[in-house]
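Q: just to be clear, the model below is a prediction. Sequence and coordinates:
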Amino acid sequence: MRHTGFWLGVLAVAALLGVVAPYTIANEYYFFAGYVVLQFVVLATAWNILGGYTGYVNFGSAAFFAVGAYSTVALINAFDPPMIVLILAGALASGLIGLATGYLTLRLRGVYFAIATLALAIVLETVIANWDYVGGAGGAFVLRPKESPVFDKYIQYLFVVMLGLAIVAVAIARTIEVSRLGRGLAAIRDDEEAAAGAGVPTLRLKLLATTISGALMGAAGAPYPYYVTYVDPASAFNLSYAVNAVAMPMIGGTFTWLGPVVGALLLGTLQQVATVTISSELNLLMVGLVLVAFVILAPDGIVGLFRKLFGRAPRR
Amino acid sequence: MLNAELLLNALASGLLLGGFYAAISLGMTIVFGQLDIVNIAHPAFIIVGSYAAYALNDSLGLDPLLAGLLFTPVFFAAGVVVYRVYHAAFEARGAEALRGLVFFFGLLFIIEVLITLTFGVDYRLVDAVYIGGALKLGPVGLPWRMVVPFLVALAMTLGLHLFFKHSFMGRAVMAVAQDPVALQLMGAKPVRIKQFAFGIAIATAALAGAMLIVIGPVEPSMGRLYIGRVFAIAVLAGMGSIPGTLVAAIILGVAESLTATFYGPSWAPAVAFGILLVTLAVRPAGLFGR
């Protein structure tokens, strides 16, 4: 029953945001803002597959995101393929980078993986800044197609694309959570040695989680060049992506798929309002402070707080 | 054909750079190597040190390195406070692995934004008599702005090495690093010792930050470039080894300097990551690891 409810809910959200909204809301700003919030839903959900379910912290979300964005820039320069190819290519590129980083560092303690992801972001930014084909350090302009494939405005199309990605990401996260894979990952998170002793193939499961997580982040980055129309390493690799990807699941709660979604919707919307009303630096300061406050005071996030209030033990 | 003069200059500046890298990594060696706390915000404290030195240099005309030295007690106190919070919120609850990392990540981000809000995003630099000239040794030219921090870094490394080897408190820190439970059984309080060591580590950031701004102009987000470097050095050194830190830092400095000379400076940041990955893959215990 729980499954039917989940899928009906997904269908309702998809219909409401993806079909009704583009025909009823005229102001383009809402789609610009909504795109960013949905992009964070994908990033936070992707981060949580590794961070929340498995207990391995990835500080390089910005790098995976940027790899997706830059694979799009490279492909547009080469032969301008359709959106679905761009997304799959971005996912493939970031997934492979996740797999490679994981393969090199996941056999060691978790902190080494975390440090490697931090350093990975710096190295990939260096590589991109030195790669002239995608614009190098100066950045690259990307032309949007003249006609939107559906709806009147191109931004509405991008919004629906990101909505689709968000739904796919959440569906994948939830499927993992209720599957054998999810239980294996939870076992690793709670006690890796015991899990290995009980016959869980820990390295293989961790690599799988890293690859899926990286691929989803790359997919989220793939439409980004069309959204901003100008991509440069400093903005694509911006640390705020990495901070938000960590902060949103931490604030929402890391044990279920719902946590990152709640965190991303709340923090994402709050930031969209804040960028309009206060400066963007204060806005980032707020994200940092909220993150530290939650990690100290409410480690199980908003979902955890609700469960405590209504007497249901968190499903660990 | 390899140009001998170019090579000699690259090696010399790599050596000087390595000395400075030792200074920025000592705090990480203490915190990560000895206390097993993954303080990824350490480079952010170094940037705070740079701006503190800048503020005193700009307003009072004080020598930046002297200013850095004057700030060490303040940084020590800040380190103690940070450790207290960390201990109460994570270590005592046994939740340090994932959440502790996120805590320091948040701290790094907050510090960076606060500096941006206070000083803006422009590059800042300092004035001192030794900035500008160079020491000429035959074909090799050594800028004083690299030589002076190098000497200070050597003194700092030696001082900390002697402190950890010979003083009572220093040896107590080493004991915590080796076996905190045994120490507790003997009636000592590991928390107070760790708090002290964490304070020392952050205090080194005041001086290291002053060196950073002597060597070149500084902007708020620069700390991130150093995260890979300090971890690469701390891991390559072998966890917690002070002499190892100096050796590892010089290896990285020379490697970066050679890369910058022969492949172009824009590739230098990637060197640390390469060294880190190779170390983790081949010998995670590091050069001087137990």
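A: It's in. Residues are numbered from 1 along each chain as shown, chains lettered A, B, ... in the order given.

Q: which secondary element of chain A has the worst mean pLDDT?
A: In chain A, no helix or strand scores lower on mean pLDDT, DSSP states H and E than helix A:21-24, which sits at a mean of 77.

Q: run through who's touching that helix.
A: The contact list for helix A:21-24 (C-beta atoms under 8 Å, 6 or more residues apart in numbering or on different chains) reads A:30-31, A:150-151, A:156, A:159-160. No exception for glycine: its C-beta is placed from N, CA and C like everyone else's.

Q: likewise stretch B:244-258?
A: For stretch B:244-258, contacts defined as C-beta under 8 Å, 6+ apart pick out B:7, B:10-11, B:13-22, B:25-26, B:29, B:154, B:157, B:229, B:232-234, B:236-238, B:268, B:271-272, B:275, B:286-289.

Q: who in the stretch 101-250 of chain A is up against chain B?
A: A:104-105, A:108, A:110-112, A:114-116, A:118-120, A:122-123, A:126-127, A:129-130, A:137, A:239, A:243, A:246-247, A:250 (C-beta under 8 Å from any C-beta of the partner chain).

Q: drop anything exposed from these.
A: Buried residues within those, counting neighbours by 16 or more other C-beta atoms under 10 Å in any protein chain shown: A:104-105, A:110-112, A:114-116, A:118-120, A:122-123, A:126, A:129, A:239, A:243, A:246-247, A:250.

Q: mind putting the contacts of helix A:21-24 into JSON lines with pLDDT and neighbour count?
A: As requested, the contacts of helix A:21-24 are exported to JSON lines (pLDDT from 0 to 100; neighbours: other C-beta atoms under 10 Å in any protein chain shown):
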{"residue": "A:30", "pLDDT": "87", "neighbour count": "15"}
{"residue": "A:31", "pLDDT": "88", "neighbour count": "21"}
{"residue": "A:150", "pLDDT": "77", "neighbour count": "12"}
{"residue": "A:151", "pLDDT": "77", "neighbour count": "17"}
{"residue": "A:156", "pLDDT": "87", "neighbour count": "22"}
{"residue": "A:159", "pLDDT": "91", "neighbour count": "29"}
{"residue": "A:160", "pLDDT": "90", "neighbour count": "24"}
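
Q: strands of the chain, start to end?
A: No chain was given, so I picked chain A. Per DSSP state E, chain A carries strands over the ranges A:140-141, A:230-231.

Q: wait, chain B
A: Using DSSP E, the strands of chain B run over residues B:134-137, B:140-143.

Q: among the ones you listed, which is nearest residue A:272?
A: Across the strands of chain B, residue A:272 has its closest neighbour in strand B:140-143 (47.4 Å, C-beta to C-beta).

Q: can you list the buried residues in the closest one?
A: Residues B:142-143 are the ones in strand B:140-143 that count as buried (16+ other C-beta under 10 Å).

Q: that strand: how far from the chain's middle?
A: 24 Å (C-alpha atoms, centre = their mean, to the nearest Å).

Q: got the contact list for residue B:259?
A: Contact partners of residue B:259, counting by C-beta under 8 Å, 6+ apart, are B:267-268, B:270-271.

Q: how much space separates it from residue A:35?
A: As defined by C-beta to C-beta, to the nearest Å, residue B:259 lies at a distance of 40 Å from residue A:35.

Q: next one: residue A:208
A: Distance from residue A:208 to residue A:35, counting by C-beta to C-beta: 29 Å.

Q: per-residue pLDDT of residue B:214, please?
A: pLDDT for residue B:214: 92.

Q: list the contacts of residue 123.
A: By default, I'm working from chain A. Shown in contact with residue A:123 (C-beta under 8 Å, 6+ apart): B:228, B:269-270, B:273.

Q: wrong chain, I was asking about chain B
A: Each residue near residue B:123 by C-beta under 8 Å, 6+ apart is listed here: B:217-219.

Q: out of these, who's nearest chain A?
A: For the contacts of residue B:123, the minimum distance to chain A (C-beta to the nearest C-beta) is 12.0 Å, reached by residue B:219.

Q: correct me if wrong: that closest one contacts residue B:122.
A: Yes. Judged on C-beta atoms under 8 Å, residue B:219 makes contact with residue B:122 at a distance of 6.9 Å.

Q: the more surrounded of the two?
A: Ranked by neighbour count (other C-beta atoms under 10 Å in any protein chain shown), residue B:219 and residue B:122 place residue B:219 first, with 17 against 8.

Q: could you pull up phi and psi at that one?
A: phi -130, psi 160 (degrees, to the nearest 10).

Q: and it, what's its pLDDT?
A: With respect to pLDDT, residue B:219 has a value of 90.

Q: how about residue A:315?
A: For residue A:315, pLDDT reads 50.

Q: quick one, helices of the stretch 101-250 of chain B?
A: Remark: helices assigned in the stretch 101-250 of chain B by DSSP state H, counting those that start in this stretch are B:101-119, B:144-166, B:168-178, B:180-185, B:190-215, B:223-237, B:242-263.

Q: and the ones you listed, which one averages the lowest pLDDT?
A: Mean pLDDT is lowest for helix B:180-185 out of these, coming in at a mean of 76.

Q: now that helix: how far from the chain's centre is it?
A: Distance, centroid of helix B:180-185 to centroid of chain: 29 Å (C-alpha atoms, centre = their mean).

Q: ok so, going back, helices - which of the contacts of residue B:259 land there?
A: Cross-referencing the contacts of residue B:259 against helices under DSSP state H gives B:268, B:270-271.

Q: report the entries of those residues that also contact chain A.
A: Filtering those for proximity to chain A (criterion: C-beta under 8 Å from any C-beta) leaves residue B:270.

Q: chain A: which of the ones in helices among the contacts of residue B:259 is nearest?
A: Closest approach between the ones in helices among the contacts of residue B:259 and chain A, by C-beta to the nearest C-beta: residue B:270, at 4.7 Å.

Q: burial measure for that closest one, as a count.
A: Neighbours of residue B:270 under the rule other C-beta under 10 Å: 21.

Q: wait, doesn't it sit right on residue A:128?
A: No. Using C-beta under 8 Å, residue B:270 makes no contact with residue A:128, being 11.5 Å away.

Q: same question for the least confident helix or strand of chain A: list its buried residues.
A: Under the neighbour-count criterion of 16+ other C-beta under 10 Å, helix A:21-24 has A:21-22 buried.

Q: now do it: distance to the chain's middle.
A: Centroid separation for helix A:21-24 versus its chain: 25 Å, with C-alpha atoms, centre = their mean.

Q: just the CA trace of it, in PDB.
A: This file holds the C-alpha atoms of helix A:21-24, laid out as PDB (Å, rounded to 0.1, in the frame of the first residue of the first chain):
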ATOM      1  CA  ALA A  21       1.800  25.100 -14.000                       C
ATOM      2  CA  PRO A  22       3.200  25.900 -17.400                       C
ATOM      3  CA  TYR A  23      -0.300  26.700 -18.700                       C
ATOM      4  CA  THR A  24      -1.500  28.700 -15.800                       C
END
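
Q: ignoring the adjacent residues along the chain, who's closest to the residue nearest the centre of chain A?
A: When C-alpha atoms, centre = their mean is applied to chain A, the residue found nearest the centroid is residue A:43 (0.9 Å). Computed as C-beta to C-beta, 6 or more residues apart in numbering or on different chains, the closest residue to residue A:43 that is not its neighbour in sequence is residue A:245, at 4.4 Å.

Q: for residue B:119, the count of nearby residues, please.
A: If you count neighbours by other C-beta under 10 Å, residue B:119 ends up with 15.

Q: let me fix that: residue B:24
A: Residues near residue B:24, counting by other C-beta under 10 Å, number 27.

Q: contacting residues for it?
A: Residue B:24 touches B:43, B:46, B:205, B:208, B:211-212, B:226, B:229-230, counting by C-beta under 8 Å, 6+ apart.
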